[in-house]
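Participant: Here is the input, now give the coordinates:
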Amino acid sequence: QMSVDGVCVNVNTYNVAVLGCGESGDENFAFQLLETMKKQNIVPNERTYDAVLSACQNSGNQELAFYVLDAIKADKIVDIDSLRLSQ
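Facilitator: Numbering: from 1, shown residues only. The predicted structure is shown next:
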């Protein structure tokens with residue numbers, strides 16, 4: 001966990017921010033947050049990846065969605081089958 005301006009920053013904090021991006025379809029910022037998490041050694045979880053993929057879906061950015069899916073497979077942090085991918 002990190003503290004930024006007195007706010008505890010952890011995976012849950014990032015998940016809330018990424019979820020907001022997902023709901024608004026801001027896939028680029030969602031992905032940027034994902035990359036920032038990793039640089040700060042905060043490990044993303046299923047909720048993080050679900051939110052990033054949701055942002056890609058809401059914006060129609062299939063290219064970024066496939067890039068994220070490839071990153072999930074490469075990172076081996078979460079099981080891709082555990083994600084709630086929309087049909």
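Participant: For the closest residue to residue 27 other than its chain neighbours, give me its contacts.
Facilitator: Leaving aside its chain neighbours, residue 27 sits nearest to residue 55 (4.1 Å; criterion: Cβ to Cβ, 6 or more residues apart in numbering). For every residue, glycine as well, the C-beta is placed using N, CA and C. Residue 55 makes contact with 18, 21-22, 24-27, 29-31, according to Cβ atoms under 8 Å, 6 or more residues apart in numbering.
Participant: Drop anything exposed from these.
Facilitator: Buried by 16 or more other Cβ atoms under 10 Å: 18, 21-22, 25-27, 30-31, out of the contacts of residue 55.
Participant: Now for residue 14, which secondary structure element holds it?
Facilitator: Using DSSP states H and E, residue 14 sits within helix 11-24.
Participant: How about residue 8?
Facilitator: Counting by DSSP H and E, residue 8 is found in strand 7-9.
Participant: Just checking: what are the partner strands of that strand?
Facilitator: Partners of strand 7-9 in the sheet, by DSSP bridges, are strand 2-4 (antiparallel).
Participant: So for the strand it pairs with, mean pLDDT?
Facilitator: The pLDDT scores in strand 2-4 average 55.
Participant: in the protein, which ranges drop under the pLDDT threshold?
Facilitator: 1-5, 81-87 (pLDDT under 70).
Participant: related to what we said a few turns ago, can you give me the buried ones in the strand holding residue 8?
Facilitator: Applying 16+ other Cβ under 10 Å to strand 7-9 flags residue 9 as buried.
Participant: one step back: what strand or helix carries the residue nearest to residue 27?
Facilitator: Here residue 55 is assigned to helix 46-59, by DSSP H and E.
Participant: With just CA atoms, put stretch 40-59 into CSV.
Facilitator: Coordinates of each C-alpha in stretch 40-59 appear next as CSV, following Å, rounded to 0.1, in the frame of the first residue of the first chain:
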residue,chain,number,x,y,z
GLN,A,40,4.0,1.1,-8.4
ASN,A,41,4.1,-2.6,-7.8
ILE,A,42,0.4,-2.7,-7.1
VAL,A,43,-0.9,-6.0,-8.5
PRO,A,44,-4.1,-5.8,-10.5
ASN,A,45,-6.8,-8.3,-9.9
GLU,A,46,-9.8,-9.7,-11.7
ARG,A,47,-11.9,-6.6,-11.0
THR,A,48,-9.1,-4.3,-12.4
TYR,A,49,-8.9,-6.2,-15.6
ASP,A,50,-12.7,-6.5,-15.9
ALA,A,51,-13.0,-2.7,-15.6
VAL,A,52,-10.3,-2.0,-18.2
LEU,A,53,-12.0,-4.5,-20.6
SER,A,54,-15.3,-2.9,-19.9
ALA,A,55,-13.9,0.5,-20.8
CYS,A,56,-12.6,-1.0,-24.1
GLN,A,57,-16.0,-2.5,-24.8
ASN,A,58,-17.9,0.7,-24.0
SER,A,59,-15.7,2.7,-26.3
